[in-house]
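K.L.:
Compute the structure for the input listed below.
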Amino acid sequence: MSKHGRFDIRKWRDPASDMEGITFWCHGCKSAHSVNTSPGGWLFNGDWDNPVIHPSIRTYIPERKDKVTGVVTPQRTMCHSFVGSNGALPGQIIFLDDSSEHNLRGVHNLEKWPDYFGFIGGGETG
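P.N.:
Below you'll find the model as predicted:
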């Protein structure tokens, strides 16, 4: 995995599936979000300093059924955003109202990965 641009966006490739993509830091969730940029996946403008990713990026907690009580907890959106589109300029992120795991809403500048997070996994991909 290598990092690129002022936001340290990480480029990755999975040789087993031949998929590739990018991972960026979400300062709303305080975690990483990854998208598949292989054909049929998300569109990325290739600008590491002023990224645009389309369509929206939505992370969610899937529906769960408790094995003991049978109570179903419905699926819920953790974070929903656009990067560089739909109201956000390139290099910005707009957090949508259905994000449930943080209180950030509206347009914000993307942020760099925090030093404490560090790199995960593989070697440089270019």
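
K.L.:
Spatially central residue for the chain, please.
P.N.:
residue 33 (2.5 Å; C-alpha atoms, centre = their mean).

K.L.:
Assign a three-state SS to that one, would you?
P.N.:
strand (DSSP: H, G, I helix; E, B strand; the rest coil).

K.L.:
Give me the nearest residue to it, chain neighbours excluded.
P.N.:
Once flanking residues are discounted, residue 33 sits nearest to residue 26: 4.9 Å by C-beta to C-beta, 6 or more residues apart in numbering. For every residue, glycine as well, the C-beta is placed using N, CA and C.

K.L.:
hmm, back to that, I'd say the residue nearest to the centre of the chain and residue 23 touch.
P.N.:
Yes. Counting by C-beta atoms under 8 Å, residue 33 touches residue 23, with 6.8 Å between them.

K.L.:
so what sits against both of those two?
P.N.:
Listed contacts common to residue 33 and residue 23 are nil; contacts here mean C-beta atoms under 8 Å, 6 or more residues apart in numbering.

K.L.:
Sketch out the low-pLDDT regions of the protein for me.
P.N.:
Applying pLDDT under 70 to the chain flags residues 1-3, 100, 102, 117-126.

K.L.:
Isn't the residue nearest to residue 33 up against residue 35?
P.N.:
No. Residue 26 is beyond contact range of residue 35, at 11.5 Å (criterion: C-beta under 8 Å).

K.L.:
Many thanks, I have nothing further to ask.
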